[in-house]
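Engineer: what's the 3D shape of this:
(2 chains)
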Amino acid sequence: MLKYIARRFVEMLLTLFIIATATFFLLEAVPGDPLSQRADRLPEQSRIALYARYGLDKPVLERYLTQMNNMLHGEFGESFVYAGQTVSGLLRDRLPVSARLGIQQMLLGVTVGLLLGILAAMKARTAADYAVVGLSVLLISIPHLVFGLLLQKVFAGTLQWFPTIGWPSGSELWFGGWKYTVLPTLTGCFSYIATYARLLKTSMLDVVNQDYVLTAESKGLSRGAIIRKHILRNSFIPVMTQLPMSVAMCITGSFFIESIFSIPGIGQYYVTAVRNQDLSIVLGETVLLALLYIVVLFITDILYVVVDPRISMPGSSRR
Amino acid sequence: MQDNNIQLSPDKFKIIGYTQEEANKIDRPTISYWQDAWRRLKKNPVAMAALVVLALLVVLVIVGPYIRGYDYVSMNVADKNQGSSAEYWFGTDSLGRDLFSRIWVGARASILIALVATSLKLVVGTLYGAVMAHFGGWVDELLMRVIEVINSLPNLLITILIMMVLGNNLGALLVALSITAWCNTARQTRGMIKQLKESEYVYAAEVLGASPLHIIIKHYVPNMISILLLDASTAIPSFIFTEAGLSFLGIGLTSPEISLGVLISQGQQTMDFYPSQLFYPCAVLCIIVMAFNLLGDGLRDALDPRLRK
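Structural biologist: Numbering: from 1, shown residues only, chains lettered A, B, ... in the order given. Next up is the predicted model:
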């Protein structure tokens, strides 16, 4: 077990290194540089000073090494485009916004999705089942973009129940200001509902036909007990594979929603930063989001063992 | 009792009614895998409805812009921002251009992008995966690392950078969409071929001196067509989604190019006053995606042998 964690840790560092390197050189490969817009109108001397301030006068390889070295110490550097803006400041201001949006979407979407999935599987081949399946196809087929715009139009524009754009800030950053968060959360949660309802239904139908369910029935267990103790736990494995993906995507996955509702999250900022070739910001965000992704995947691998004792930890025993 | 004259003579065991050939004859016509799949698909009303809708969409995408006789670019300032009417079926936009014609031109671009990007993804992914699986060893390792690097970078980063370098045009968008998408296909192909590789007929072909390319095209690909078809049926709607989203954000196509994403983004600007300009492109987008999704579901049921009873 310890050996496995150590190996995964080394792999993780290697992946992060590759990601950082690839991002750095990709951004370098794009013609133009981030300062040209600011520097073009400046006199020669100030321009040179400006480039020197951000270290852009040095050769690429030297800058790469400096950047890597700084990142090892947790310093991603300052934004080229917005003076004084740093990655840590960005994370402080914008990450909570995206995180809250993502978490709300997931909590609502996954809960409703799983409940609908159970309903559809238990009432298979009835009207309820077809309704859930039809609903999930419908929800999957309507893009976030269209959903967001329509919700915004109807509930914020015509009915005026909710504000059109904006996001709670200050003391309400994590809790409160619900009227702002309702529409974006709804927009994002539909795809979770569709995905999880389908996933759980399929896997529950697989499990229902297993012998041990028949055994449980013939023992005289109640239907509720069979579902809880025998069916649900066993049909959760596909859900467990999907869940970490959703967690990892939930922060980055809301670009469109953030754009529609003008939410000041990291998704929208990321797009701007890439377009401005704002190296330190892009690098910082990319590496940190990748880190989140990798850590989440790692936690899932451990969760597997909790959900399904048949899966043994890779490397823990040799066959 | 025992000797109760049961006389068994050889002629009692003669075949009298039918011949050996008749017994071996197969009465029902043999049907191939594809005929069987098609038969299953035909029994699925939802999938058939989706197929009909798709056929209709294809027709509309081809002839739609010409039905009303309005050019999709020429402006008519006197008739701007109109709602639906007998003259302009879907109304007009803020420059007085006929929305009906524009939507089908846009849908044409969206569908074309999705189809071309999907074919690129499938061709590149299959060949790449096949090479990985066929050669194995260090080639496999190396190519797998390449996939891991591409997968670990955020798609959006790569897409934006490519669009920045190549400009906001159709070709650039195709490159940007397919450059990351093939990785998944390559992985699936690799897994599948690793299984096929163990089979005797591939071994036989190798012994007979067939070239790797010959084995890939003649033996691996036909075995994997159903998997690839399912891959395509999920890829097409997701490409249409992505295209619309990117164009909406201003990263994909931009005006004067027309796609559903561009039309939706234009519709959003006027949605407070003229919701129809937003509604129609959105509706067409949803119908296209839903038709592809439903057909894909039907195909999955028809093609997956595990679901057969």
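
Engineer: contacts and neighbour counts: CA atoms only from here.
Structural biologist: Will do.

Engineer: need the contact list for whichever residue of the stretch 1-150 of chain A sits closest to chain B.
Structural biologist: Scanning the stretch 1-150 of chain A for proximity to chain B using Cα to the nearest Cα identifies residue A:141 as nearest, at 4.9 Å. For residue A:141, the set of contacting residues under the criterion of Cα atoms under 8 Å, 6 or more residues apart in numbering or on different chains consists of B:286-287, B:289-290, B:293.

Engineer: from those, which ones fall inside helices?
Structural biologist: For the contacts of residue A:141, membership in helices holds for B:286-287, B:289-290, B:293, with DSSP state H as the criterion.

Engineer: who touches residue B:148 in this structure?
Structural biologist: Contacts of residue B:148 (Cα under 8 Å, 6+ apart): none.

Engineer: Need the phi and psi values for it.
Structural biologist: In terms of degrees, to the nearest 10, the main-chain angles of residue B:148 are phi -60, psi -40.

Engineer: Show me how to select, in PyMOL, the buried members of the contacts of residue A:141.
Structural biologist: Here is the PyMOL command that picks out the buried ones among the contacts of residue A:141, judged by 16 or more other Cα atoms under 10 Å in any protein chain shown:
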select buried, chain B and resi 286+287+289+290+293
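
Engineer: Before we move on, what's the pLDDT of the residue of the stretch 1-150 of chain A closest to chain B?
Structural biologist: Residue A:141 carries a pLDDT score of 80 in this model.

Engineer: So what's the residue count around residue B:280?
Structural biologist: By the measure other Cα atoms under 10 Å in any protein chain shown, the count of residues near residue B:280 is 20.

Engineer: So which residues on the stretch 101-250 of chain B come close to chain A?
Structural biologist: Taking Cα under 8 Å from any Cα of the partner chain as the test, the list of the stretch 101-250 of chain B residues beside chain A reads B:149, B:152-154, B:156-157, B:160-161, B:164-165, B:241, B:245, B:249.

Engineer: Turn those into a markdown table, columns for distance to residue A:210, neighbour count and pLDDT.
Structural biologist: A markdown table is the format used below for these (distance: Cα to Cα, whole Å; neighbours: other Cα atoms under 10 Å in any protein chain shown; pLDDT from 0 to 100):
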| residue | distance to residue A:210 | neighbour count | pLDDT |
| --- | --- | --- | --- |
| B:149 | 40 | 14 | 77 |
| B:152 | 38 | 18 | 74 |
| B:153 | 41 | 21 | 78 |
| B:154 | 40 | 17 | 78 |
| B:156 | 43 | 20 | 80 |
| B:157 | 45 | 19 | 82 |
| B:160 | 48 | 22 | 83 |
| B:161 | 50 | 20 | 84 |
| B:164 | 54 | 17 | 81 |
| B:165 | 55 | 13 | 82 |
| B:241 | 38 | 24 | 84 |
| B:245 | 43 | 24 | 83 |
| B:249 | 48 | 21 | 80 |
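
Engineer: Output those in CSV; the columns should cover distance to residue A:182 and secondary structure.
Structural biologist: Output for these, formatted as CSV (distance: Cα to Cα, whole Å; DSSP: H, G, I helix; E, B strand; the rest coil):
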residue, distance to residue A:182, secondary structure
B:149, 37, helix
B:152, 32, helix
B:153, 31, coil
B:154, 28, coil
B:156, 26, helix
B:157, 29, helix
B:160, 30, helix
B:161, 33, helix
B:164, 35, helix
B:165, 38, helix
B:241, 23, helix
B:245, 22, helix
B:249, 22, helix
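
Engineer: Of these, which pair is most distant in space?
Structural biologist: Maximum pairwise distance in these, criterion Cα to Cα, is 25.8 Å, between B:149 and B:249.

Engineer: Spatially nearest residue to residue A:30, not counting backbone neighbours?
Structural biologist: residue B:165 (6.2 Å; Cα to Cα, 6 or more residues apart in numbering or on different chains).

Engineer: For residue B:180, see how far away residue B:224 is.
Structural biologist: Residue B:224 is 21 Å from residue B:180, where distance means Cα to Cα, to the nearest Å.

Engineer: quick one: which of those two has more around it?
Structural biologist: For residue B:224 versus residue B:180, the count of surrounding residues by other Cα under 10 Å is larger for residue B:180: 19 against 16.

Engineer: ok, back up a step: distance of the residue of the stretch 1-150 of chain A closest to chain B from residue A:3?
Structural biologist: Look at residue A:141 and residue A:3: by Cα to Cα, they are 44 Å apart.

Engineer: do the same with residue A:241
Structural biologist: Here the criterion is Cα to Cα. By it, residue A:241 lies 23 Å from residue A:3.

Engineer: Looking at these two, which is more packed in?
Structural biologist: Neighbours around residue A:241 and residue A:3, counted as other Cα under 10 Å, are more numerous at residue A:241. The numbers are 15 against 11.

Engineer: Quick check: the more buried one touching residue A:300?
Structural biologist: Yes - Residue A:241 is in contact with residue A:300 according to Cα atoms under 8 Å; the separation is 7.5 Å.

Engineer: shared neighbours, those two?
Structural biologist: With Cα under 8 Å, 6+ apart, residue A:241 and residue A:300 have no common neighbours.

Engineer: Can you pull the residues of the stretch 201-319 of chain A lying near chain B?
Structural biologist: Among all residues of the stretch 201-319 of chain A, those adjacent to chain B (criterion: Cα under 8 Å from any Cα) are A:256, A:259, A:271, A:274-275, A:286, A:290.

Engineer: Just the buried residues out of those residues, in ChimeraX syntax.
Structural biologist: This is how ChimeraX selects the buried members of these, with burial counted by 16+ other Cα under 10 Å:
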select /A:256,259,271,274,275,286,290
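
Engineer: of all the residues of the stretch 201-319 of chain A next to chain B, which two lie farthest apart?
Structural biologist: Of all pairs in these, the most separated under Cα to Cα is A:259 and A:290 at 21.9 Å.

Engineer: who touches residue 110 in this structure?
Structural biologist: Went with chain A since none was named. If a contact means Cα under 8 Å, 6+ apart, then residue A:110 has A:189, A:192-193, A:196 as its contacts.

Engineer: not quite, I wanted chain B
Structural biologist: B:240, B:243-244, B:259-260.

Engineer: for residue A:104, same thing?
Structural biologist: Under the criterion of Cα under 8 Å, 6+ apart, the contact partners of residue A:104 comprise residue A:185.

Engineer: what about it, helix or strand, and which?
Structural biologist: Element membership for residue A:104, per DSSP states H and E: helix A:87-122.

Engineer: I appreciate the help and will end here.
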